[in-house]
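In: Mind folding the following:
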Amino acid sequence: MQFSLPRDTLLKPLQLVGGVVEKRQTLPVLSNVLLEIEGNQLSLTGTDLEVEIQGRVELTEPSTEGAVTVPARKLLDIVKSLPDDSLISLIQNDDRVVVTSGRSRFTLSTLPASDFPNVEEDENTLNFNMPQKTLKKLVDATSFAMAQQDVRYYLNGMLLELSQNRVRTVATDGHRLAMSSQGVDALGVEERRQVIVPRKGILELNRLMGDSDDSVEISLGTNHLRAKTAAFTFSSKLVDGKFPDYERVVPRGGDKEIVGDRQSLRSIFSRAAILSNEKYRGVRLMLSENNLQVRANNPEQEEAEVNQEIDYQGPELEVGFNVSYLLDVMNVTQGEQVKLVLSDANSSALLSDFDDDSSVYVVMPMRL
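Out: Residues are numbered from 1 along each chain as shown. Below is the predicted model of the structure:
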């Protein structure tokens, strides 16, 4: 096996697959990247058995077909260290690979391509296309609410739900919930279908998506999700579990509605957070006519009190929240104004952009 190509052409797919390869692996081959040449196409594949990414490059220089695995991190570091305009050649000699560029030469150890694990093809696969920017928007709007290392393993990921011509993402860690929906033309899913994509799979998939109208082909199987474009193929195992009934969590019929400038609200929450309890991050929201007061204190008896003019007509109300959860929502919403709907001091808050309810957020109250 041998090939030659410009540094930048090799660096891009290497960086794609490098993100999924862990430094410390139980199986040595999982620290390697699989290099394969078929015809005039070079493919680079990395996996941790949960997520797999394959990048593809068209070769214009003469090449020899073959397959081998080489240490991913070392090859990436070598390519990064070379000058931008350099040409890189790679030749396989028995159980070694020689990488040359200009007057530099590197010899790397290899492992057989036959040792590299394959992602099995799923039966019962559903295929559909959607714009990359639509999928990225759905993930950006909800991924922050995924749990991390929760014993309820089905929360350590994101629900992907398909129904008719709509795709919905939902994430929750038990304290807050994020939900976003987007219409997708010609999806045509008759029966509602739900899968849970693990946290690492979601973060890697989002890293691959661009803000373009270019299409990504999604394949949903029984055990895997696959996303394919001209440049890469991404595969992730699915979480085998049942996601909570999120519709029951979304509060309905709140009669106290606050409308305020998003940047101003983010600013006052940030200021109050400075003197909140570092562990619990609790703040009090005190509502009165056209005014929101945010109070915080901590075990050192320090206090913060910040007021903001808002659009509110209704009875006075006092309710506590984790300020970090409120700030997370302010950071992902896109509109100039946000809407916050409450019922009472013991009910969850429902937040959304004032003029766009395609994404909604639920934050549970705190007892302070």
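In: what about the strands in the stretch 251-368 of the chain?
Out: 256-261, 282-288, 291-297, 303-309, 317-322, 337-342, 349-353, 356-363 (DSSP state E, counting those that start in this stretch).
In: For residue 38, which of these is the nearest?
Out: strand 356-363 (42.0 Å; Cβ to Cβ). (C-beta placed from N, C-alpha, C; glycine too.)
In: Contacts for the closest one next, please.
Out: 141-142, 145, 175-182, 249-251, 321-322, 325-326, 329, 332-335, 348-353 (Cβ atoms under 8 Å, 6 or more residues apart in numbering).
In: Please spell out the segments of the stretch 1-150 of the chain that come in under the pLDDT threshold.
Out: Applying pLDDT under 70 to the stretch 1-150 of the chain flags residues 124.
In: Please enumerate the strands of it.
Out: 2-6, 32-38, 41-47, 51-58, 66-71, 87-93, 96-101, 104-109, 126-131.
In: Okay, now the sheet partners of the longest one, with direction.
Out: Each strand that pairs with strand 51-58, with its direction, by DSSP bridges: strand 41-47 (antiparallel), strand 232-237 (antiparallel).
In: coming back round to it: how about TSV for the strands of the stretch 1-150 of the chain, with mean neighbour count and distance to residue 207 added?
Out: Output for those, formatted as TSV (neighbours: other Cβ atoms under 10 Å; distance: least, Cβ to Cβ, whole Å):
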stretch	mean neighbour count	distance to residue 207
strand 2-6	18	23
strand 32-38	22	17
strand 41-47	22	13
strand 51-58	21	9
strand 66-71	20	22
strand 87-93	17	24
strand 96-101	17	26
strand 104-109	14	26
strand 126-131	16	17
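In: Between these, which one is closest to residue 191.
Out: Nearest of the strands of the stretch 1-150 of the chain (Cβ to Cβ): strand 126-131, 10.3 Å.
In: Just give me how far that closest one sits from the chain centre.
Out: The chain centroid and the centroid of strand 126-131 are separated by 18 Å under Cα atoms, centre = their mean, to the nearest Å.
In: Neighbouring strands of it in the sheet, and parallel or not?
Out: Going by DSSP bridges, the partners of strand 126-131 are strand 215-220 (antiparallel).
In: Give me the helices and strands touching the helix or strand that the strand it pairs with is followed by, please.
Out: Following strand 215-220 in sequence order, the next helix or strand is strand 224-228 (DSSP states H and E). In terms of contacts (3 or more Cβ pairs under 8 Å, 6 or more residues apart in numbering; DSSP states H and E), strand 224-228 is packed against helix 199-208, strand 215-220, strand 232-237.
In: So for the longest one, what gets flagged as buried?
Out: Put plainly, it is helix 199-208. 199, 200, 201, 202, 203, 204, 205, 208 (16 or more other Cβ atoms under 10 Å).
In: So which elements touch it?
Out: strand 51-58, helix 132-142, strand 157-164, strand 224-228, strand 232-237.
In: ok, and what's touching it?
Out: With Cβ under 8 Å, 6+ apart as the criterion, helix 199-208 contacts 16, 19-20, 48, 50-51, 53, 135-136, 139-140, 143, 146-148, 156-158, 197, 225, 227, 232, 234, 236-237.
In: Next: the last one.
Out: With contacts defined as Cβ under 8 Å, 6+ apart, strand 232-237 is touched by 13, 16, 49-56, 119, 197-198, 200-201, 204-205, 208, 223-228.
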